[in-house]
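Asker: Give me a 3D structure for the following:
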Amino acid sequence: MKKLLAALLVMLGINAMADDINLWQKSTLNSIVQKGVLTVGLEPGYMPFEMKDKQGNIIGFDVDMANEMAKAMGVKLQLVPTAWDGIIAGLLTGKYDIIMSGMTITQERNLKINFADPYISVGQTILAPKKHAGKKWSDLDKPEYTIVTKIGVTGEIATRKMFKKAKIRTFETEADAAQEVLNGNADGLVYDKPYNAIFFAEKGTDKLVHLSEELTYEPLGFAIRKGDPDFLNWLNNFLNQAKNDGTYKKIYDRWFTDSSWQKKVM
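Answerer: Predicted coordinates:
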């Protein structure tokens with residue numbers, strides 16, 4: 001009986017090992033190492049995470065993190081610019097290996113894709129004409145006011161959830177929505193705090209106010225396809241290492257503390 005039990009345990013162990021090997025062979029991480037290239041989907045229009053400089057190069061916080069990631073994998077990096085409304089579909093159809101594009105972790109998105117641990121947290125704030133200085137978001141929720149945001153992002157979700165009386169208009173890009181406020185055609189832009197702070201500092205100090213109290217809690221994460229525990233494990237260990245060896249802080253300071261990069265894009 002003991003011999004039979006031992007044989008059964010050995011067989012179960014062999015089967016489990018075979019499952020692990022099969023899982024690794026199907027892993028995106030294994031595919032990246034084999035082909036020697038990490039492909040990253042992103043929408044270059046979200047300062048300072050990803051944007052184009054004056055020469056058309058894609059730069060930003062996420063790009064620097066992607067470069068460090070490729071370096072740690074020992075592979076080359078290939079950026080794949082993609083429109084936001086198709087960025088998850090592009091991942092699911094294998095157009096790229098990972099999304100690194102300032103994507104907020106939401107439960108709805110998490111039903112379709114998996115996220116590594118959050119690498120930064122941002123919240124929605126309001127950029128408004130100077131006449132609204134000192135007001136709260138609820139003061140702008142009136143029929144005579146117009147609130148703008150970008151279509152298909154968490155800013156739109158928050159806007160439609162919170163603003164029940166104001167008129168709501170959506171735009172394809174955050175830049176177009178912000179410009180609408182700057183031109184005096186809207187009473188508030190609901191969008192991510194980093195973007196609003198940068199736009200205000202660069203273009204709005206004499207015309208706008210930044211109502212910087214965060215309306216939401218929004219952790220951002222790198223997104224991958226479901227069913228890939230090896231890749232997810234590697235990404236979380238990469239983030240942990242980067243946050244504890246100074247790499248993350250160096251990149252963070254470059255894009256969120258030092259403003260010299262703005263001369264490259266403005």
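Asker: Now do the same contact list for the most centrally placed residue in the chain.
Answerer: Residue closest to the mean C-alpha point of the chain, counted by C-alpha atoms, centre = their mean, is residue 102 at 1.6 Å. If you count contacts by C-beta atoms under 8 Å, 6 or more residues apart in numbering, residue 102 has them with 46, 49, 50, 62, 122, 192, 220. For every residue, glycine as well, the C-beta is placed using N, CA and C.
Asker: Look at residue 43 and say how many residues are nearby.
Answerer: Residue 43 is surrounded by 21 other residues when neighbours are defined as other C-beta atoms under 10 Å.
Asker: Also residue 176?
Answerer: Counted by other C-beta under 10 Å, the residues lying close to residue 176 total 12.
Asker: Need the mean per-residue confidence for whichever strand or helix holds it.
Answerer: Taking DSSP states H and E as the definition, one finds residue 176 inside helix 174-182. Averaging pLDDT along helix 174-182 yields 95.
Asker: Please identify the buried residues of that helix?
Answerer: Across helix 174-182, burial judged by 16 or more other C-beta atoms under 10 Å covers 174, 175, 177, 178, 179, 180, 181, 182.
Asker: thinking again about what came up before, how about the contacts of residue 102, which pair is most distant?
Answerer: The span of those, defined through C-beta to C-beta, is set by 50 and 122 at 14.0 Å.
Asker: quick revisit: list just the nearest of the buried residues of helix 174-182 to residue 25.
Answerer: Within the buried residues of helix 174-182, proximity to residue 25 (C-beta to C-beta) peaks at residue 174, which comes in at 40.7 Å.
Asker: Provide a list of residues in contact with the closest one.
Answerer: With contact taken as C-beta under 8 Å, 6+ apart, residue 174 is in contact with 45, 46, 150, 155, 189, 191, 192, 195.
Asker: Neighbour count added to those residues, as JSON lines?
Answerer: JSON lines is the format used below for the contacts of residue 174 (neighbours: other C-beta atoms under 10 Å):
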{"residue": "45", "neighbour count": "20"}
{"residue": "46", "neighbour count": "25"}
{"residue": "150", "neighbour count": "26"}
{"residue": "155", "neighbour count": "28"}
{"residue": "189", "neighbour count": "29"}
{"residue": "191", "neighbour count": "28"}
{"residue": "192", "neighbour count": "25"}
{"residue": "195", "neighbour count": "24"}
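Asker: which ones among the residues you listed are found in helices?
Answerer: 155, 195 (DSSP state H).
Asker: In TSV, list the contacts of residue 174 along with distance to residue 240.
Answerer: Listed next are those as TSV, based on distance: C-beta to C-beta, whole Å:
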residue	distance to residue 240
45	29
46	25
150	31
155	30
189	35
191	30
192	25
195	27
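Asker: Any buried residues in stretch 222-239, and which?
Answerer: Under the neighbour-count rule (16+ other C-beta under 10 Å), stretch 222-239 has 222, 223, 224, 225, 228, 230, 231, 232, 234, 235, 238, 239 buried.
Asker: Which members of those are the farthest-apart pair?
Answerer: In the buried residues of stretch 222-239, two members sit farther apart than any others by C-beta to C-beta. They are 225 and 239, at 18.2 Å.
Asker: ok, so what distance separates residue 134 from residue 238?
Answerer: Taking C-beta to C-beta, to the nearest Å as the criterion, residue 134 is separated from residue 238 by 44 Å.
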